[in-house]
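> sequence and predicted model, in that order:
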Amino acid sequence: MAPLTLANLIDGQLRAPCTGAYLDVFEPATGTVYARCPDSDQRDVELAVQAAQRAAPAWAALSHGERAKHLHRLADAVEARLDEFALEESRDTGKPVKLARSVDIPRAVANLRFFAEAITQWPGETHADARAFNYTLRQPLGVVGCISPWNLPLYLFTWKIAPALAAGNAVVAKPSEITPFTAFRLSELAIDCGFPRGVLNIVQGTGPAVGKAIVEHPHIKAISFTGSTRTGAAIAAQAAQSFKKVSLEMGGKNPAVVFTDADLSETHLDTIVRSGFSNQGEICLCGSRLLVQRSIYDEFKRRYLAKVQALRVGDPQDERSDLGALVSSAHFDKVTTCIERAVAEGGRVLCGGEAVKLDGRCADGWFVAPTVIEGLPQDCATNREEIFGPVVTLLPFADEDEAVAIANGTEYGLAASLWTSNLDRAQRMAERLEFGIVWINCWMLRDLRTPFGGVKNSGVGREGGFEALRFFTEPKNVCIARSSSA
Ligand code: NAD
């Protein structure tokens, strides 16, 4: 079958890139090209910015309720095609279709709906004293840029554009060139739903060509980015030249910490396994370092390994598959090289540790077995650097102090999970951990109202709830003197 040709969404129309060139889009499960993604450049970004500038004032002038209606309509359209979107997301990323159907696409719908509601519920701020009454306007910025990664494509794309749009901005957005498909489908739906032209522009292409042009554009007032720490650093440096606002959600090397007093029911153990291997470990929140208190280490390891070994790596379209393919050949090479490095560093592979060869249509796919490694020092590269694959290291610890030292011993600080039945301990640990998110006896349990993001090399700023609306608006304080104090 001829590859599908995708397009940009600019000024309410699907457009071919100015370059006329396209990038191959691979299906990771089969290693074959199934689509062509526009290889756009700064000319397409310029057209998108101009369209957004024309559209921004009227969009900002709409009532909150009117903007919310547009977002709800888009959410309805995605929801009505949930199964289709799930299949497309699975084909594009290699993730199991059951995961796309239960997590990625429902969450994309939820993001659009959440911010449609949030903007109508956002309270204002006033400060009064005997001399004056102050109120704070929160005005949209104008045109903003949103740049998202490949691991949760539509989920993270909508997580950015929804608050930007709800707050009254026009958007120029770029999905990952590795997984462009569902953002393209969203482009089609935005047109079908009558989204006002120019308000949402989606420019497809590479980071160096399109992403960089978005970051450098003088009329784009803020950049909301999710991706690697390396790209985030480049964006921060570039944005600093023009004092552009940036929100950066970057990499992680998250700890899951299991204490002797944890309730290790089957359900909790399943969640701990999921926290390492969900989406093939390609979630920034995955717990890739599993710290286990020494007194239960051997018993925990036995039960944990039995569950990991039972995970099924298979065709993402097969409902029985727990893990699908890694997103690209380059990422497959990175992950397998990291496993080799772990062995070279002295790690013992307890399960997995190699590529998985499947038959039939997936014979050339990029599959890696869920891998558990022990015996590595906490300060080796394997335990410090993000792998972003189905690889978990086991680390024993003696007490709270050692757990804190190991957990905090990386340059990252996104999310930690703690497993303990002792509430005092949970609270003490939560305060000492240098992470933006701490989950206690759970993982990836998300309430969209809460602040989301990391510290250290994992992030700058917070997304979620009113935090995101604050990011996408500029506060302006208005001070009215009381007549007696003039
Ligand atoms: P990446 O940094 O390679 O790419 C992310 C996006 O940035 C893509 O759209 C890419 O085209 C674009 N880009 C690349 N170079 C650019 C440049 N110079 N200027 C502007 N844009 C540029 O990241 P990735 O490999 O797509 O994603 C994986 C990474 O994302 C992992 O490190 C993961 O931890 C991180 N991530 C973080 C979160 C979070 O919330 N903290 C969530 C998901 C993924």
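Looks like it came in fine.

> now do the same contact list for the residue nearest the centre of the chain.
Residue closest to the average C-alpha location in the chain (Cα atoms, centre = their mean): residue 156, at 4.7 Å. For residue 156, the contact set (Cβ atoms under 8 Å, 6 or more residues apart in numbering) comprises 148-149, 226. Quick note: C-beta positions are derived from backbone N, CA and C, even for glycine.

> average pLDDT across whichever helix or strand it is part of?
Element membership of residue 156 [criterion: DSSP states H and E] is helix 153-166. Across helix 153-166, pLDDT averages out at 99.

> picking that back up, so can I have TSV of the contacts of residue 156 showing neighbour count, pLDDT and distance to the ligand?
Below are the contacts of residue 156 laid out as TSV (neighbours: other Cβ atoms under 10 Å; pLDDT from 0 to 100; distance: Cβ to the nearest ligand atom, whole Å):
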residue	neighbour count	pLDDT	distance to the ligand
148	27	98	6
149	24	98	3
226	25	98	5
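
> so of those, which ones are in strands?
The strands, defined by DSSP state E, take in residue 226 from these.

> and the longest helix along the chain, is it in reach of the ligand?
As assigned by DSSP state H, the longest helix anywhere in the chain is helix 42-61. No - applying Cβ under 6 Å from any ligand atom, one finds helix 42-61 separated from the ligand by no less than 10.8 Å.

> so what's the gap between that helix and the chain middle?
Here the centre of helix 42-61 is set off from its chain's centre by 25 Å, with Cα atoms, centre = their mean, to the nearest Å.

> which parts of it are buried?
Within helix 42-61, the residues that qualify as buried are 42, 44-53, 55-56, 59-60, counting by 16 or more other Cβ atoms under 10 Å.

> out of these, who's nearest the ligand?
Comparing those against the ligand with Cβ to the nearest ligand atom places residue 45 closest, at 10.8 Å.

> could you find the closest non-adjacent residue to the closest one?
Spatial nearest neighbour of residue 45, chain neighbours left out: residue 213 (4.0 Å); criterion: Cβ to Cβ, 6 or more residues apart in numbering.

> wait, that neighbour touches residue 47, no?
No - at 11.1 Å, residue 213 and residue 47 do not qualify as touching, with contact defined as Cβ atoms under 8 Å.

> related to what we said a few turns ago, residues in contact with the residue nearest to residue 45?
Residues near residue 213 by Cβ under 8 Å, 6+ apart: 41-42, 45-46.

> now the residues you listed as a markdown table including pLDDT?
Output for the contacts of residue 213, formatted as a markdown table (pLDDT from 0 to 100):
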| residue | pLDDT |
| --- | --- |
| 41 | 98 |
| 42 | 98 |
| 45 | 99 |
| 46 | 99 |
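
> and the stretch 251-400 of the chain, which residues reach the ligand?
By Cβ under 6 Å from any ligand atom, the residues of the stretch 251-400 of the chain that approach the ligand are 251-252, 284, 386, 388.

> out of the residues you listed, who has the most neighbours?
Neighbour counts for these peak at residue 252, which has 29 neighbours (criterion: other Cβ atoms under 10 Å).

> can I take it that that residue is in a strand?
No - checked against DSSP: H, G, I helix; E, B strand; the rest coil, residue 252 lies outside a strand; its state is coil.

> which residue packs closest to it, ignoring adjacent ones?
Nearest residue to residue 252 in three dimensions, chain neighbours excluded: residue 414, at 3.4 Å (Cβ to Cβ, 6+ apart).

> just give the closest residue to residue 356, not the sequence neighbours.
residue 367 (4.1 Å).

> and the helices in the stretch 201-350 of the chain?
212-216, 229-241, 266-277, 297-309, 329-344 (DSSP state H, counting those that start in this stretch).

> quick one: low-confidence ranges for this structure?
Counting by pLDDT under 70, the chain shows low-confidence ranges at 485-486.

> ok, now which ones touch the residue nearest to residue 252?
Contacts here follow Cβ under 8 Å, 6+ apart; on that basis residue 414 touches 250-252, 254, 284-285, 435-437, 453-454, 458-459.

> same check on residue 395?
Contacts for residue 395 (Cβ under 8 Å, 6+ apart) come out as 289-292, 374, 376, 378, 383, 406.

> how about a cut-off of 7 Å?
289-291, 378, 406 (Cβ atoms under 7 Å, 6 or more residues apart in numbering).

> next: residue 448.
Contacts of residue 448 (Cβ under 7 Å, 6+ apart): 110, 114, 464-465.

> one more pass at 8 Å, please.
110-111, 114, 464-465.

> can you tell me how far it is from the ligand?
Using Cβ to the nearest ligand atom, to the nearest Å, we find residue 448 at a distance of 13 Å from the ligand.

> what helix or strand is that residue located in?
If you go by DSSP H and E, residue 448 is not part of any helix or strand.

> tell me the phi and psi of it?
Residue 448 adopts backbone torsions of phi -70, psi -10, taken as degrees, to the nearest 10.

> count of residues packed around the nearest residue to residue 134 once chain neighbours are set aside?
Distances taken as Cβ to Cβ, 6+ apart place residue 127 nearest to residue 134, at 4.3 Å, with adjacent residues excluded. For residue 127, the count of nearby residues is 11 (other Cβ under 10 Å).
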